[in-house]
Every structure is written in structure tokens, then in C-alpha cells.
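> sequence and computational prediction follow.
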Amino acid sequence: MLDFIQEYFFELLYAAFLLPQLILWCIIVPSQWKVERHHPTSNNEGVSVIVAARNEEHHLPTLLDHLVNQEYPEFEIIIINDRSSDQSSRIIREYQQKHNIIKEIVIDDNFGAISPKKFALSKGIPQAKYNQLLFTDADCVPASNQWIKLMTARLSTHPLTLGIGWYLPKHGRLVEKFTQFETLITALQYVSFSRIGINYMGVGRNIAYTKALYTSGNGFESHKNVLSGDDDLFINQVANKDNTATIIHPDSLTYSQPPSTWKKWYFQKLRHLSAGHHYKLSNKLLLGALSTSHLSVYFIYLLLLPLNVANLLYLSLLLIIRLVAITICTRKFTRMTNTKFSWWFIPIMDFMLIAYQIIIGASSVISKRNTWI
């Protein structure tokens, strides 16, 4: 037995690292697919839609047009205007004259807050008229006029609902495609894990929870000095298998444009991943194991190619099974949500994720970036 292990050490190591990936993409993700084929019944309670915006004059008209046309019996729109120096206030006032459901909250100073967005939200949430809170970003738009209804339908029984924010590439650049793919993989993972009771993140551009849950969790107080995390760190703090719901429905998505340059992408990811150091230990171990297994599978595969040509078919077959499983999950997601992604990009994008994990992972450790882009 010992001789066998010594002779096939790297092959066994390869299989060991590949196993978590196969469990994820062949078992966990597929087993959790549930599409809401019909719109969930609205609970008809009032909803406060909250948006923190800073210098968003180019995005606010589109967003507000979509929000005021939502089909929902009772809701308000709160725009937290965070120290904007552009025409944001003028635009908001113009919409207020036509729609009395719009409320503007002006932030003149962040009083030294390390996380400006959390500070803005912490000032806006207490002024919400309703207990049900629904959040998105100023550069996003809801996929349909049923967005409020779908995202809040389960809040009466599950005070936290995780939605999905989808990117729509504008120029067809590689960085846009990669951002779309990475976001897709992330969404598949956090939705699937949430449905088996493991909640570690969501996205602030499409999330709903109750004011009571926010208050009982003491808001963002425990991580107020962390730049990012108004979404994932809050979820880490308050979510459990009994109070959290997820939704995958074409009308429940929000759409936004991905970064158009690698520089913008880099700093966006640094900001997003800065919160990861503050996750629960169990979450960090889970995500670290998945990331390590992904990187190690490719590393060992490339290492073994020149050393063990005899097992090339076996090694390649296992890797292909994983890629096929990811492709199947991706295509099912896009069919369920009426979105598009070119499946033939997946092998390239999957390999690029390794460089992403190394570069961004290392950078997030040493970065001290403290600005809200």
C-alpha cells in the first residue's frame, strides 16, 4: 500500500484536489436548482427601495424610470445622495415633482467614516417608512417591473432574500466577459450553498431584508471600519439556514455594466474582496478550500503532463468532466434567467480565474485602499 502511494503520489493528490470541485459542480449546484416558474405571491406589505448614490447623474434617470414603474401596491424610493458634486440633486428633485414616492436623503459629510457607503446606508435605513427594505445600486436597473414583488415575496417568512446581479457587457471586451463569468460562478456558488444552509455572501446591488433584522443585528456596527461588506459581511453576521431565502428568476435580476478596463476591474475587485478577511472562519475555510483545489488541479495537471504521459487520458478526462459540469450548470442558469453567456469561453475563463485568485488574493492582503469608487 505504501509503495502504491509513493508511486502514484501526485496522481492521488490530483484526485484529492479535484474531488471538492466535482462535488460542487456535479452534486451541490445541480441538486439545488429550483426555478420559480410562476411569480411568487406578493405579501403586499410596504417596501422601501434604498439606493446609496454618489455622483450618479448619468445613471439616476434610467434607474428612477425603472423604479417608479414597478408594479407593486405600496412602496417608496429612497435615494441617499452621498456628497455628490454633480447634478444628482437636480435630477432627484425633478423626479420628486412627478412622483411623491421618491425621498432624497442628503449626506453632506461622512464624518471620517472609513466606509462611506455603510455610513450612507446607516443614515438612510432608519428613515425608511416600511419594515421591508430592498437595495440596489445607482448604476443598476431591475430586470422587470416585477422586481420588487419577487425580491420581497418571502420576507414575511424569511427576513433576508439574496438576489443576483447580472452584468451586461457593452463593448464585448475580454475584461467584460471575464467579469461576467466570475460573477456568474460566484452567484452559482453562494445561491447553491445558501440553499443547503451555508450563507456567506450576497450582492448589495440586489438584496432584500427587513428593518427588524437590520436592527436586531446592530446594523453594520461590527464591521463599520471595513471599506466593503455592506452586503456580504452583513450576511455573514445575521444569516442562517432558517431566515434566508434565495431567488433565481428572470424578472428578479438587476442589470449593470461590468468594468470596461482591467484597471477598473482590478480596483473594483480589491474593494469587494477586502471584506473577505472578516468572514466567519468556517466560511473562509470553505472558500479557501474551493479556491485552493481549483488552483491545485491545474498546477498538478501541468506538472504531471511531461512526467506521466501514460496517464494523460485519465488526468484529462477528470478535468474535462469538471469543465463539462460547469458548462452544464452555466447553461442551465442562463436558460432559467433568460440571460446569455458564450459557453465556449468557459475553459479559457476558468483558467483565467486562477490568475485572478492569485493576483487579487495577494493584492487584497497588502492593499490599504480606502475609497468608494
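Received it, and whenever you're ready, just let me know what you need.
> now do the longest helix seen in the chain: which elements does it pack against?
Using DSSP state H, we find that the single longest helix of the chain is helix 312-337. Applying 3 or more Cβ pairs under 8 Å, 6 or more residues apart in numbering; DSSP states H and E, one finds that helix 312-337 contacts helix 9-23, helix 29-31, helix 174-194, helix 281-304, helix 346-366. In this view, the C-beta of every residue, glycine as well, is placed from N, C-alpha and C.
> comparing those by mean pLDDT, which bottoms out?
Of all the helices and strands packed on helix 312-337, the minimum mean pLDDT falls on helix 346-366 (a mean of 79).
> strands of the stretch 51-200 of the chain, start to end?
Under the criterion DSSP state E, counting those that start in this stretch, strands of the stretch 51-200 of the chain are mapped to 75-82, 102-107, 132-137, 141-142, 160-162, 165-167.
> so how far is the third one off the chain centroid?
With Cα atoms, centre = their mean, to the nearest Å as the basis, the distance from the averaged C-alpha position of strand 132-137 to the chain average is 14 Å.
> please apply the same query to the second one.
Using Cα atoms, centre = their mean, we find the averaged C-alpha position of strand 102-107 to lie 26 Å away from the chain's own average C-alpha position.
> likewise the last one?
Distance of strand 165-167 from its chain centroid, counting by Cα atoms, centre = their mean, is 8 Å.
> okay, now the sheet partners of it, with direction.
As defined by DSSP bridges, the strand partners of strand 165-167 come to strand 254-256 (parallel).
> may I see the buried residues of the strand it pairs with?
Judged by neighbour count (16 or more other Cβ atoms under 10 Å), strand 254-256 contains these buried residues: 254-256.
> could you dump these to TSV with pLDDT?
Output for the buried residues of strand 254-256, formatted as TSV (pLDDT from 0 to 100):
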residue	pLDDT
Thr254	97
Tyr255	97
Ser256	95
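> just for the chain, where's the confidence low?
Where the chain drops to pLDDT under 70, the residues are 1-8, 34-42, 307-311, 361-373.
> care to break it down by domain?
8-32+282-366, 47-278 (automatic domain parsing).
> what's the most buried one of the ones you listed?
Per-stretch averages of neighbours, counted by mean count of other Cβ atoms under 10 Å, single out domain 47-278 among these, with a mean of 19.
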